[in-house]
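**Student:** predicted model and sequence follow; I will ask about them next.
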Amino acid sequence: QVQLVESGGGLVQPGGSLRLSCAPSGRTVTGLAMGWFRQPPGKEREFVAAISRSGGTTDYVDSVKGRFTISRDSAKNTVYLHMNSLKPEDTAVYSCAASNVIWESGITVMRNYNIWGQGTQVTVSS
């Protein structure tokens, strides 16, 4: 069974950067659509960024466009979420998710993901 191992969360000042990592065990990233979702305190979980199984399609929620980048390294079998110019409103538990069902479309839809990581806390505060 595929498991997702996340790392990279922490406390950062506004304007700072963090990089989250997600590595699927037992499956290559090139065989999965991968996404990042977040749940701010007291709010619902929301889509942040995703990359399709081919790697040819990426998508982002409007609030992070131009600041966050999702990428994958096949050699390291890892997907990354590079977060720059962080804001206090980016504070949330960030979860990595994977899907062996979808290919290019539907990568922003939470219910399309069937494998989830444990989540990592990102806190943006001075």
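**Tutor:** Yep, it's here.
**Student:** count the neighbours of the residue nearest to Cys22 when sequence neighbours are not counted for me.
**Tutor:** Spatial nearest neighbour of Cys22, excluding adjacent residues (C-beta to C-beta, 6 or more residues apart in numbering): Cys96 at 3.4 Å. Every residue, glycine included, has its C-beta placed from N, CA and C. By the criterion of other C-beta atoms under 10 Å, Cys96 has 26 neighbours.
**Student:** you'd agree Cys96 is up against Tyr80?
**Tutor:** No. If you go by C-beta atoms under 8 Å, Cys96 and Tyr80 don't touch, sitting 10.0 Å apart.
**Student:** what do those two both touch?
**Tutor:** Leu20, Cys22 (C-beta atoms under 8 Å, 6 or more residues apart in numbering).
**Student:** for the residue nearest to Cys22, list each beta-bridge partner.
**Tutor:** Trp36 (DSSP bridges).
**Student:** distance of it relative to Asp59?
**Tutor:** Cys96 sits 15 Å away from Asp59 when distances are taken as C-beta to C-beta, to the nearest Å.
**Student:** tell me the contacts of Gly15?
**Tutor:** Contacts of Gly15 by C-beta under 8 Å, 6+ apart are Ser85, Leu86.
**Student:** am I right that it is in a strand?
**Tutor:** No. Gly15: not assigned to a strand; according to DSSP: H, G, I helix; E, B strand; the rest coil it is coil.
**Student:** now the residue nearest the centre of the chain: how far from Thr108?
**Tutor:** Nearest to the mean C-alpha position of the chain, counting by C-alpha atoms, centre = their mean, stands Trp36 at 2.3 Å. Separation of Trp36 from Thr108 (C-beta to C-beta): 11 Å.
**Student:** kindly report the same for Gly8.
**Tutor:** 22 Å.
**Student:** next: Ser21.
**Tutor:** From Ser21 to Thr108 the distance is 21 Å (C-beta to C-beta).
**Student:** do Ser126 as well
**Tutor:** 31 Å.
**Student:** quick one, helices of this protein?
**Tutor:** Read by DSSP state H, the chain holds no helices at all.
**Student:** so where is it shaky, pLDDT-wise?
**Tutor:** For the chain, no stretch has pLDDT under 70.
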